[in-house]
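In: Starting from these lines, generate the structure:
(chains A and B)
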There are 2 protein chains.
Amino acid sequence: MRKLGYKIFQHIVLYDFTAEPGNNELSVQEGEILTVTNQEWDDDSDDGKSTVGYGGSQMEEGGTMQRGGAHSTMKISLNKFPGFSKTPNPEVYLLTKSVAKGNDKLPIYAGEVGPVWLYPQIQLDCVVADPKKGSKMYGLKSYIEYQITPNTTNRPVNHRYKHFDWLYERLVEKFACALPIPCLPDKQVTGRFEEEFIKMRMERLQGWMSRMCRHPVISNSEVLQLFLNYRDEKEWKLGKRKAEKDEFVGVKIFSTIDPELPEEQKYEMYSQFTRSMDNSVKELLAVGHLHWKRCTGPLQKEYRQIGKAFQNLSSVFNTSAYPRESTLTEALSATGKTYEEIAELVAGQPKKDLHFLMETNNEYKGLLGCFPDTIAVHKAAIDKVKEADHLVTMNKISQQDKHIMEKNLSTMSYALQAEMNHFHSNRIYDYNRLMQFYLEEQVKFYETIAEKLKKALGQYTTM
Amino acid sequence: MRKLGYKIFQHIVLYDFTAEPGNNELSVQEGEILTVTNQEWDDDSDDGKSTVGYGGSQMEEGGTMQRGGAHSTMKISLNKFPGFSKTPNPEVYLLTKSVAKGNDKLPIYAGEVGPVWLYPQIQLDCVVADPKKGSKMYGLKSYIEYQITPNTTNRPVNHRYKHFDWLYERLVEKFACALPIPCLPDKQVTGRFEEEFIKMRMERLQGWMSRMCRHPVISNSEVLQLFLNYRDEKEWKLGKRKAEKDEFVGVKIFSTIDPELPEEQKYEMYSQFTRSMDNSVKELLAVGHLHWKRCTGPLQKEYRQIGKAFQNLSSVFNTSAYPRESTLTEALSATGKTYEEIAELVAGQPKKDLHFLMETNNEYKGLLGCFPDTIAVHKAAIDKVKEADHLVTMNKISQQDKHIMEKNLSTMSYALQAEMNHFHSNRIYDYNRLMQFYLEEQVKFYETIAEKLKKALGQYTTM
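Out: The predicted structure is shown next:
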């Protein structure tokens, strides 16, 4: 049973790298059988609504919510942002004169690298753990509940996947015009090997939550605070209702920013950078996936064969009836066993180091996939402001309106720069940590093999 | 040019493991072009005879000399041994009463492990080196001459491939009923990359000569001594003529042995052992060949891709215009270069360790392929002796003849045991040395990679 579970775990991992998230694909290795029992877990639809469509306010507003796009492109239709028409149109904000005051203001200040978000003294983080099966409707419907413990209160709260999903939708609604909000880890097809599936999903919810917590704007948002800190069902329900009624959503988010710096249009550079990095990350994922398959497939098999060949030779030598060759046959047999061990080391290594490299890059792929939409909002605003002169001439807007538009565009750019600087600083931190971890594990891997071979070598006699 | 030569060297090596020696096959890797210019070197046929057929005494005697069989099976037709009819028939010897005296006697004595050949005080060996192009017929025909220096005289003699071939034929003629005489390294198809071809052939002639020199019976033979020690053309020609007229050849070789031990029929055990070892050696060669192809093919490519992916990511990060990330980009770039270096280490490694493992096992494959024929001679003799009672009844042979036959069979078995013990002792020495060398190189390989990765790791900053 353990062995079976192990095999399937690899299988899940392959899934993550080959299937397109969001479209319910599941990559299955040749020869492997996976019983898909969609009914088994009803993790998200126990409110009687469809698990495929997205109910709620967006639908009522006529917007189409299509979170189903691949991470790589993340096609959030812009028209789902409240206040947007079919094409990205930041008009609603551009002509807004009022600036939010006090707590509602988004904290940006002029840092060394340009506009930066104000980071909290203590970085928020949380631990997602302890998935538990719950049920309702007299056991007819079951679900998984995760325990989330923020470092601020150290008090755990429980949430189901549908609550994460709700949080994601609120964050998109409120922030996606200014901040790339990465997709939630995909809803998994549930099956026989539920334990490993749940573990993997939890790992990715952890990654997503940590990224949200690390973001100075998001971490400070009422909705995230509610999610992490609610004390009882009543507080949770009230908070949900309030969040769903929030008016400072979509492009209006920019009206909560007060620029203190001269604006500089960098969106083209950002667009270029995020596209290049997206390509580079995908290249790394592709070769990583190839390497994973080679290590767990042909390479493992080959080292096993080498091990077997040495052991077989040792067995043959053992039948020689020639005296004093036991040292050789024992050493040969030990060499064979060593190569069999190497086969397992080789096959097990991707889970030890490549896994984290792939997971991190997958996360970045999701994040980078959000940038085109975020940047498109800025592009639309710039186009609108370029029209302003013409609109003034046509008497559609006043000269003062035009100045407001320009000032607001400047604010949007200011926010984009802050967000981009946040992205860069996270990126440097993440990749530095990732590469160190990866190389440390790789060094250990090669040293272990060298050590094992040295031991086998020591069994031979010097003649 | 160096690179091209290097590539072709790998190519030759592939040849040795995939093509069947002897039938002029040449394995060519997809996409590689090899111009075959059979005329370019006329290394063996400058006496006007065909390079394909085998002229000389065997042909005149009506025997068919087919040395062209694969090493693995080495189909030396038994009927080519002088004194043999179509089926293996040691009759000529079995009824021989005379025993050679003095110098002609083959030295066997009773050792710890049973009958063993008498080993010389100093083991004969020689160095094959310095291949030189020669020509005759006003430069129309050219050939390669090798310098062979025995450790006994330290005086070099020159020989062409055709001389090695002549020696091989004499050794087969004289000893093959009692001793497995491995085939000469195959005549190579000559081509554009002659230097590497010649180097490889020389390496294998060296291996073959060393094995002949290490054999106590062969090393002591007049013909080998002539080959290594002749002082001038006249001595060489006279010696050749004498060797070709040698009468103690074929099964008659057994008449030079005087058994001093009770005989024990072990040929079935030997047959079983050599067949099992043959299979095991072939298995090792097959997996070695696979591993070689993987290292120089997909694995090299994959590590290059990994290296490229890291370097590309570094290049993208370099365009961020974000301050203080040069440490990361430089470390990432160094990591990428390290994986590119690993790609070359991986691709170059088989030539460093697997090469010797493959060469040695190939040599053993050739040697093991000779055993079935050698053992068949014994089997035929046993069958003949089993008939003896019947022949006595039929008055075809006398009772005394029968005793002589039994005694002579005993002698044959005695020689086989001595030879088998020689084989075992060589085998243990060779495989012990081989495995030590292989593992030493493998340890170095993995340690080098670990060291390189450690260096790359050191470039990252701990945050």
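In: where in the stretch 251-400 of chain A is pLDDT low?
Out: The model of the stretch 251-400 of chain A has pLDDT under 70 over residues A:258-265.
In: Hmm, A:Thr327 and A:Ser314 touching each other?
Out: No: A:Ser314 lies out of contact with A:Thr327 (Cβ atoms under 8 Å); the separation is 11.3 Å. Placement of C-beta: from N, CA and C, glycine included.
In: Looking at those two, which one has more neighbours?
Out: A:Ser314 (21 against 13; other Cβ atoms under 10 Å in any protein chain shown).
In: what about the more buried one, distance to A:Ala456?
Out: The gap separating A:Ser314 from A:Ala456 is 12 Å, by Cβ to Cβ, to the nearest Å.
In: Check A:Lys252 too.
Out: 69 Å.
In: show me what contacts the nearest residue to A:Leu285 once chain neighbours are set aside?
Out: Nearest residue to A:Leu285 in three dimensions, chain neighbours excluded: A:Asn361, at 5.3 Å (Cβ to Cβ, 6 or more residues apart in numbering or on different chains). Taking Cβ atoms under 8 Å, 6 or more residues apart in numbering or on different chains, we find A:Asn361 in contact with A:Val281, A:Leu284, A:Leu285, A:Gly288.
In: for A:Gln459, same thing?
Out: Contacts for A:Gln459 were tallied using Cβ under 8 Å, 6+ apart; they are A:Thr327, A:Glu330, A:Ala331, A:Ala334, A:Thr335.
In: Let me have those in a markdown table, extended by distance to chain B and secondary structure.
Out: Output for those, formatted as a markdown table (distance: Cβ to the nearest Cβ, whole Å; DSSP: H, G, I helix; E, B strand; the rest coil):
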| residue | distance to chain B | secondary structure |
| --- | --- | --- |
| A:Thr327 | 8 | helix |
| A:Glu330 | 12 | helix |
| A:Ala331 | 7 | helix |
| A:Ala334 | 10 | helix |
| A:Thr335 | 6 | helix |
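In: what's A:Ile144 sitting at in phi/psi?
Out: Dihedral angles of A:Ile144 (phi, psi; degrees, to the nearest 10) stand at phi -110, psi 130.
In: Next, give phi and psi for the residue lying closest to it once chain neighbours are set aside.
Out: Spatial nearest neighbour of A:Ile144, excluding adjacent residues (Cβ to Cβ, 6+ apart): A:Pro131 at 5.0 Å. Phi and psi for A:Pro131, reported as degrees, to the nearest 10, are phi -70, psi 130.
In: OK, contacts around A:Pro131?
Out: Neighbouring residues of A:Pro131 by Cβ under 8 Å, 6+ apart: A:Ile144, A:Glu145, A:Tyr146, A:Gln147, A:Ile198, A:Lys199, A:Met202.
In: is chain B contacted by the longest helix anywhere in chain A?
Out: The helix that spans the most residues within chain A, counting by DSSP state H, is helix A:399-457. Yes: contact of helix A:399-457 with chain B (Cβ under 8 Å from any Cβ of the partner chain) involves A:421, A:424-425, A:427-429, A:431-433, A:435-436, A:439-440, A:442-443, A:446-447, A:449-450, A:453-454, A:456-457.
In: How far off centre is that helix?
Out: The chain centroid and the centroid of helix A:399-457 are separated by 13 Å under Cα atoms, centre = their mean, to the nearest Å.
In: how far is stretch A:167-186 from where the chain is centred?
Out: Distance of stretch A:167-186 from its chain centroid, counting by Cα atoms, centre = their mean, is 12 Å.
In: again with stretch A:301-311
Out: Here stretch A:301-311 is found 39 Å from its chain centre; the criterion is Cα atoms, centre = their mean.
In: follow-up on the earlier one: got the angle for the longest helix of chain A vs helix B:399-457?
Out: If you take axes from the mean of the first three to the mean of the last three Cα atoms, to 10 degrees, helix A:399-457 sits at 150 degrees to helix B:399-457.
In: on that earlier part again, tell me the one of the contacts of A:Asn361 nearest B:Lys365?
Out: Ranked by distance to B:Lys365 (Cβ to Cβ), those are led by A:Gly288 at 39.8 Å.
In: Name the helix or strand for A:Ile148, please.
Out: Per DSSP states H and E: A:Ile148 is located in strand A:141-150.
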